[in-house]
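A.B. asks: Everything below, folded, please.
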Amino acid sequence: MEKQDSLIHLSVVYLYNQNHKKHSRMKVLVNMVILLFLTLPVLAQFEKRDSLLRLVPKAREDTSAVLLYIGIGDLYEGDKPDQAKIFYHKAINLSNKLKFDKGIIKSLTYYGGVCSLLGQYDSALIYSQKALAKARSDKDSLNIGIGLMNIGATYGFMSDYQTAVEYCLEGLKIVEGRKYNTIELQINDKLQVLYMQMSQYDKAINFGQKAVQQARQLKMPYFLAQTLSNLSMSYSGKRMSEKAVPLLNEALSISKKLGNINMEASILLNLSDVSLATGNYEALRKYCERSLLLSRELGALESEATALRALSIYYLHINNFDKAKQLLKESISISKKNNFKSEYASGLKVFSNLSFATGDFDSGEKYYRQSEEILSEMINDIISEKSANLEKKYEFEKKDIELELQKIQLHRKNTINRMLIITALTLLIISLLLYRTYKQKQKLQQQRISELEIEKQLTTTEAVLKGEEQERTRLAQDLHDGLGGMLSGIKFSMNSMKGNLVMTPDNVQAFERSMDMLDSSIKEMRRVAHNMMPEALIRFGLDTALKDFCNDINQSGALKVNYQSIGLEGVTIESTIAITLYRIVQELLNNSMKHAQAHSAIVQVTNSNNLLSVTVEDDGKGFDTSILKTNKGIGWTNIQNRVDFLKGKLDIRSKEGEGTSVQIELNG
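C.D. replies: Numbering: from 1, shown residues only. Just a heads-up that it's a prediction; the model follows:
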């Protein structure tokens with residue numbers, strides 16, 4: 001079984017009863033799935049978080065720091081999600097700075113995940129889309145599948161179930177058959193939940209059964225409990241309670257073994273929903289009382305309000321009206337205080353039923369009207385001007401239903417209201433999504449233009465560097481073959497003339513000086529030609545050429561250079577890369593001699609794990625690297641252009657009086 005971790009929130013089902021003898025409406029929360037660390041006990045999480053935080057001040061700006069920030073953010077998500085966003089943002093910035101593709105994808109995915117947990121769905125979509133785009137550009141099938149699934153999950157949160165299904169199905173096609181078993185399991189479970197929310201129960205059951213089977217095969221109890229609970233709700237939607245109850249009981253047993261009270265509370269609410277549907281009110285009471293205790297322990301106020309309301313339905317059923325009234329007041333108080341509008345309206349609707357049951361028809365009608373006012377307020381918050389005709393239809397049907405209320409036909413009115421709300425939400429969401437799609441296309445087009453500009457700059461740099469090397473090679477050949485040959489011929493002719501001439505001692509001395517000057521000219525010409533295009537670089541490769549170059553500097557006495565190479569034995573480096581790196585080292589050592597006034601320097605070339613690294617350090621006077629942001633010299637510009645041409649990373653570290661260290665990294 002592969003080791004793939006993810007942050008999963010168990011799907012929670014809330015009760016919404018219009019009448020204590022009727023089946024309840026279900027509201028399911030779709031989970032966001034991202035590759036994260038394994039779930040730890042709370043105390044262990046805090047201990048691990050503290051130990052990682054102690055590493056931050058010592059961390060260098062490299063890829064390990066990116067993973068450190070992500071790890072800390074993950075451990076903050078459970079109790080301080082806003083703090084988690086800070087660390088994920090640091091990981092995004094550093095990954096972009098380092099051009100660390102894996103880190104960019106991972107940190108964007110995590111940031112989108114925590115935005116979804118906070119209900120910031122627009123931001124979650126933006127960051128998830130960025131992660132998906134980067135994964136596509138890298139042809140990373142695993143992260144493409146995860147990105148599609150996360151976008152689908154976000155659309156599911158926004159109730160755009162059809163779009164959510166399309167993204168998840170596309171993600172499933174990518175991960176199927178690639179041994180990404182945990183991710184495939186989660187997509188199947190997500191599709192099960194989405195189809196259930198669309199009331200397409202047969203499709204939901206099909207995907208749910210696959211998810212349960214995969215969770216059993218992978219022996220992952222957390223996922224098994226989640227998939228069992230979700231599948232049970234699909235069976236419950238088809239009125240197949242005899243199949244739903246065993247699944248929920250198994251899920252409940254697993255949650256208790258895991259010690260996950262959040263999961264246990266959710267499953268208990270699902271069990272109470274099924275119990276209500278089957279008319280098993282004693283089971284309803286038992287499950288609601290336990291769920292209520294756990295919800296209070298967790299501080300889950302909306303679940304607490306739901307459990308109180310469901311428990312009041314039990315006492316209403318056994319005609320204990322005082323107890324039912326007490327529980328309803330608690331539920332309504334929590335909902336009103338915390339602005340749980342849907343739950344508040346549901347509580348008032350049950351209170352209306354209670355009032356009618358006790359013969360208090362005035363109160364029953366009052367609570368019913370209050371519930372309708374809340375629902376109307378919710379509708380007015382989400383319906384645009386384009387849905388004016390729909391609102392008129394709603395108002396007309398609302399009047400008819402109010403007349404039916406006098407005949408105590410509450411069920412039909414509530415059903416119509418729910419249909420209107422769902423229709424209005426669907427119309428509004430479609431409008432918003434069309435606008436969002438248009439804006440996203442604009443952003444993607446702008447991003448593509450930026451990418452083309454970067455490609456154009458790299459192509460121009462490549463042409464300039466290649467032209468420069470070709471010109472150097474031509475000049476070196478002309479100097480060596482042309483001027484060198486002429487000077488050697490002159491020397492030979494003068495040596496021949498010396499034997500045939502009679503010269504005074506003064507003329508002999510002048511002649512010898514001329515010959516010495518001619519020898520020096522030949523040596524200088526050869527040195528210049530060698531620097532322009534070292535023969536050793538062409539014949540023997542980068543390692544030998546750099547070693548000879550450092551030895552030449554040592555022999556000149558201008559600078560003491562220590563050259564080291566690791567992992568280059570038997571390795572052939574492509575000529576363009578070798579020449580470019582040779583020129584960079586030339587430029588850096590010239591800087592050390594001319595500007596840094598250094599006495600010694602170290603040149604180290606390392607080839608390890610498909611990563612080629614070049615480091616040049618000196619003990620010169622150093623400089624403030626911040627000046628490079630506003631005013632780069634020609635030498636540093638040439639170095640940066642060459643590194644960009646090689647698609648490498650350049651790290652310059654220096655302080656006044658402490659020397660300079662330059663590191664270049666290239667992927668093999």
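A.B. asks: who touches residue 291 in this structure?
C.D. replies: Applying C-beta atoms under 8 Å, 6 or more residues apart in numbering to residue 291 gives the contacts 265, 268, 269, 272, 303, 307. (Glycine included, C-beta is placed from N, CA and C.)
A.B. asks: Equivalent analysis for residue 210, please.
C.D. replies: By C-beta under 8 Å, 6+ apart, the neighbours of residue 210 are residue 188.
A.B. asks: where's it, which helix or strand?
C.D. replies: helix 201-218 (DSSP states H and E).
A.B. asks: That helix - what's its average pLDDT?
C.D. replies: The average pLDDT for helix 201-218 rounds to 93.
A.B. asks: list the buried ones in the very next helix or strand once past that helix?
C.D. replies: Remark: after helix 201-218, the chain's next helix or strand is helix 221-237, criterion DSSP H and E. For helix 221-237, the neighbour count (16 or more other C-beta atoms under 10 Å) marks 221-237 as buried.
A.B. asks: Dump the C-alpha coordinates for the next helix or strand after helix 221-237 into CSV.
C.D. replies: Beyond helix 221-237 in the direction of the C-terminus, DSSP H and E gives the next helix or strand as helix 241-258. Extracted in CSV, the C-alpha atoms of helix 241-258 (Å, rounded to 0.1, in the frame of the first residue of the first chain):
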residue,chain,number,x,y,z
SER,A,241,-32.7,2.1,5.6
GLU,A,242,-32.0,-1.6,6.0
LYS,A,243,-28.8,-1.1,4.1
ALA,A,244,-27.9,2.2,5.6
VAL,A,245,-28.0,1.2,9.3
PRO,A,246,-25.3,-1.5,9.2
LEU,A,247,-22.9,0.8,7.3
LEU,A,248,-23.4,3.5,9.9
ASN,A,249,-23.0,1.1,12.8
GLU,A,250,-19.7,-0.1,11.3
ALA,A,251,-18.5,3.5,10.8
LEU,A,252,-19.5,4.4,14.3
SER,A,253,-17.4,1.5,15.7
ILE,A,254,-14.4,2.6,13.7
SER,A,255,-14.7,6.2,14.9
LYS,A,256,-14.7,5.0,18.5
LYS,A,257,-11.6,2.9,17.9
LEU,A,258,-9.8,5.9,16.3
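A.B. asks: How about residues contacting helix 241-258?
C.D. replies: 212, 221-222, 224-226, 228-229, 231-233, 235-236, 261, 263-264, 267-268, 270-271, 274, 277-278.
A.B. asks: which stretches of the protein form strands?
C.D. replies: 560-566, 600-608, 611-618, 649-654, 660-667 (DSSP state E).
A.B. asks: Run through the neighbouring helices and strands of the longest one.
C.D. replies: This means strand 600-608. Packing contacts for strand 600-608, counted by 3 or more C-beta pairs under 8 Å, 6 or more residues apart in numbering; DSSP states H and E, involve helix 542-556, strand 560-566, helix 575-594, strand 611-618.
A.B. asks: how about the strands of the chain in JSON lines, adding mean pLDDT and mean neighbour count?
C.D. replies: Formatted as JSON lines, these follow (pLDDT from 0 to 100; neighbours: other C-beta atoms under 10 Å):
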{"stretch": "strand 560-566", "mean pLDDT": "91", "mean neighbour count": "16"}
{"stretch": "strand 600-608", "mean pLDDT": "91", "mean neighbour count": "18"}
{"stretch": "strand 611-618", "mean pLDDT": "91", "mean neighbour count": "20"}
{"stretch": "strand 649-654", "mean pLDDT": "90", "mean neighbour count": "17"}
{"stretch": "strand 660-667", "mean pLDDT": "90", "mean neighbour count": "19"}
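A.B. asks: angle of the helix holding residue 210 against helix 241-258?
C.D. replies: 30 degrees (axes from the mean of the first three to the mean of the last three C-alpha atoms, to 10 degrees).
A.B. asks: Without its sequence neighbours, what residue ends up closest to the residue nearest to the spatial centre of the chain?
C.D. replies: In the chain, the C-alpha nearest the mean C-alpha coordinate belongs to residue 109, at 1.9 Å (C-alpha atoms, centre = their mean). Excluding the flanking residues, the one nearest residue 109 by C-beta to C-beta, 6 or more residues apart in numbering is residue 131, at 4.5 Å.
A.B. asks: can I assume the one you found is in contact with residue 112?
C.D. replies: Yes - Residue 131 lies in contact with residue 112 (C-beta atoms under 8 Å); the separation is 6.5 Å.
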